[in-house]
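Enquirer: need coordinates for the following:
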Amino acid sequence: MYKNHAPDGRHNICGSWVAELRKARTPRLSQRGLADILQLIGLDVDKNAIQRIESGERFVTDIELKALAEALEVSVEELLRT
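Expert: Residues are numbered from 1 along each chain as shown. The predicted model follows:
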């Protein structure tokens, strides 16, 4: 039976990259800060949603993926690398 999960059981493959890229920013970007940037872009998410994305507990839509890439100033492909 098909399962809608990454090989490691996570609900997305971009979450770990989101966390890594967010923390690598100078100055370091908090989850709240990333949520604020995403809201300015027009994506209605909060800190808890970012936390769940990064931990792999939450699915990420294509719209969210595009906004995350824009907010983190990377390509969508960068967020999907395995």
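
Enquirer: enumerate every residue touching His11.
Expert: 4-5, 56-60 (CB atoms under 8 Å, 6 or more residues apart in numbering). From N, CA and C alone the C-beta is placed, and that goes for glycine too.

Enquirer: how about Leu72?
Expert: Leu72 touches 18, 21-22, 25, 34, 79, counting by CB under 8 Å, 6+ apart.

Enquirer: ChimeraX command to pick out the buried ones of the residues you listed?
Expert: Applied in ChimeraX, the following selects the buried portion of those according to 16 or more other CB atoms under 10 Å:
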select :18,21,22,34,79
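
Enquirer: output the below-cut-off pLDDT ranges for the chain.
Expert: 1-2 (pLDDT under 70).

Enquirer: now stretch 19-33: buried residues?
Expert: So for stretch 19-33, counting by 16+ other CB under 10 Å, buried means 19, 21-22, 29, 31, 33.

Enquirer: what's the spacing between Gly9 and Leu80?
Expert: For Gly9, the distance to Leu80 (CB to CB, to the nearest Å) stands at 17 Å.
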